[in-house]
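**Q** Provided below are the primary sequence and the corresponding predicted coordinates.
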Amino acid sequence: MSRLDNHHALLGFAGFSGSGKTTLLRQLVALLNRRQWRIGIIKHSHHDVEQDTPGKDSYELRHAGARQCLLAGPHRSILTYENTKVQEPDLNESLSRLSLDQLDLVLAEGFREAPIPKLEVYRPAHGKPLLCRHDPHILAVATDDAGLDAPVPLLDLNAPEAIATLIEQWLAAGRLHARRD
């Protein structure tokens with residue numbers, strides 16, 4: 001686990017498009033939430049994202065030139081940052097925008113090249129190469145092929161409960177390690 005500090009951890013999920021990263025993350029977030037872990041997500045997108053609706057006040061104010069727009073509501077708030085130039089998102093900058101004091105674990109999807117501990121999501125049927133063969137930061141591969149030849153441990157992609165338990169074990173080990181430092 002990558003330690004953000006003594007109380008927070010960061011774990012990436014890497015894999016090619018269509019491998020099932022988001023599906024697995026959706027399952028893991030629900031499981032870990034039920035187990036009382038406070039989870040944050042950072043999802044990388046190669047596309048322009050829009051979470052607001054044309055004609056709504058927040059959309060119009062943001063498009064009038066606001067660099068940051070916080071839409072605060074009784075059930076959720078949405079913070080939007082406008083990039084001053086088109087560039088790939090930076091993971092550290094994205095992390096700095098989260099309220100880390102309210103989270104136990106941040107799961108980052110898609111920052112494939114980031115030098116952070118990651119789980120690879122891999123489906124051999126897609127014909128893509130295994131990332132773990134060239135990425136020393138990949139701890140394990142979640143796959144639907146139990147016979148896969150990989151240099152790291154294999155996890156059953158269809159057993160999210162077991163993957164959630166493994167993540168909890170990593171979190172616990174990291175917290176114990178941090179206390180001994």
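**A** Happy to help now that I have it.
**Q** now Glu161: phi and psi?
**A** When read as degrees, to the nearest 10, the backbone of Glu161 gives phi -60, psi -40.
**Q** let me fix that: Asp156
**A** Dihedral angles (degrees, to the nearest 10) for Asp156: phi -80, psi 110.
**Q** and the nearest residue to it once chain neighbours are set aside, what pLDDT?
**A** Setting aside the residues directly before and after it, Asp156 is nearest to Ala162 in space (CB to CB, 6 or more residues apart in numbering), at 6.4 Å. For the C-beta atoms, the positions are set from N, CA and C on the backbone; glycine is no exception. Looking at Ala162, its pLDDT stands at 96.
**Q** then Thr80?
**A** 77.
**Q** that one in helix, strand or coil?
**A** Three-state assignment for Thr80 (DSSP: H, G, I helix; E, B strand; the rest coil): strand.
**Q** I'd guess Cys69 is in a strand, am I close?
**A** Yes: counting by three-state DSSP, Cys69 is found in a strand.
**Q** quick check: the gap between it and Tyr81.
**A** Distance, Cys69 to Tyr81, using CB to CB, to the nearest Å: 8 Å.
**Q** and what of Phe111?
**A** Using CB to CB, Phe111 is found at 17 Å from Tyr81.
**Q** neighbour count winner among Cys69 and Tyr81?
**A** Ranked by neighbour count (other CB atoms under 10 Å), Cys69 and Tyr81 place Cys69 first, with 18 against 14.
**Q** was I right to think the more buried one contacts Glu60?
**A** No: under the criterion of CB atoms under 8 Å, Cys69 makes no contact with Glu60, lying 10.2 Å away.
**Q** re earlier: so which helix or strand takes in the residue nearest to Asp156?
**A** helix 160-180 (DSSP states H and E).
**Q** same deal with Ser94?
**A** Assigned by DSSP H and E, Ser94 belongs to helix 91-96.
**Q** partner strands of the helix or strand just after that helix, with direction?
**A** As assigned by DSSP H and E, the chain's next helix or strand after helix 91-96 is strand 105-109. Applying DSSP bridges, strand 105-109 is found paired with strand 9-14 (parallel), strand 39-43 (parallel).
**Q** hmm, Leu70 and Ser77 touching each other?
**A** Yes: contact criterion CB under 8 Å: Ser77 and Leu70 qualify, at 6.1 Å.
**Q** what's the most centrally placed residue in the chain in contact with, if anything?
**A** In the chain, the residue lying closest to the centroid (CA atoms, centre = their mean) is Ala108, at 1.9 Å. Contact analysis of Ala108 by CB atoms under 8 Å, 6 or more residues apart in numbering lists Leu10, Leu11, Gly12, Phe13, Ile41, Ile42, Lys43, His44, Leu91, Ser94, Ala114, Ile116.
**Q** closest one to Ala150 out of these, please.
**A** Of all the contacts of Ala108, Phe13 has the smallest distance to Ala150: 15.9 Å, by CB to CB.
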